[in-house]
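Asker: whatever this is, show me its structure:
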Amino acid sequence: MLHVIAKSIAKKDKIEETKNALEALIEPTRKENGCIQYDLLQDHSNPALFFFTEIWESNAHLDAHLATDHFINWKGKSDDLLDSPMEVSLLKKV
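Answerer: All right, here's what the predicted structure looks like:
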């Protein structure tokens with residue numbers, strides 16, 4: 001299994017728009033083959049800070065996710081919404 005943490009920092013004037021765009025990823029992603037967990041979290045003290053915590057059956061399933069229309073649509077919006085590029089960590093359980 002592959003664990004993923006994806007960090008996004010919204011522009012201060014785009015927090016709600018970013019949240020809505022990220023939330024739009026949840027339902028279709030959870031239906032994808034190989035998706036075990038896909039949760040969106042927002043920081044209490046810094047509402048511009050979002051994290052996805054994800055678990056995928058394999059790297060191949062994550063790669064397939066990155067090629068979906070809904071993810072590509074998000075990437076097209078992300079430059080306008082985010083303060084900096086999304087930071088992604090690929091992890092394994094120890």
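
Asker: what's next to whichever strand or helix holds residue 62, contact-wise?
Answerer: With secondary structure defined by DSSP states H and E, residue 62 is part of helix 59-66. Contacts with helix 59-66, where a contact means Cβ atoms under 8 Å, 6 or more residues apart in numbering, come from 2, 4, 29, 32-35, 54, 56, 71, 90. Quick note: C-beta positions are derived from backbone N, CA and C, even for glycine.

Asker: mind running it again at 10 Å?
Answerer: Contact with helix 59-66 is made by 1-2, 4, 25, 28-29, 32-36, 38, 54-56, 58, 71-72, 75, 88, 90, as judged by Cβ atoms under 10 Å, 6 or more residues apart in numbering.

Asker: now, of those, which are buried?
Answerer: Neighbour counting over the contacts of helix 59-66 (16 or more other Cβ atoms under 10 Å) leaves 2, 4, 25, 28-29, 32, 34-35, 38, 54-56, 71 as the buried ones.

Asker: quick revisit: dump the helix holding residue 62 to CSV, restricted to CA.
Answerer: Once side chains and other backbone atoms are set aside, the C-alpha atoms of helix 59-66 remain, and they are given as CSV (Å, rounded to 0.1, in the frame of the first residue of the first chain):
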residue,chain,number,x,y,z
ASN,A,59,1.8,3.3,-7.2
ALA,A,60,0.0,2.3,-10.4
HIS,A,61,-3.4,3.2,-8.8
LEU,A,62,-2.0,6.6,-7.8
ASP,A,63,-0.7,7.2,-11.3
ALA,A,64,-4.1,6.3,-12.7
HIS,A,65,-5.6,8.9,-10.3
LEU,A,66,-3.3,11.6,-11.5
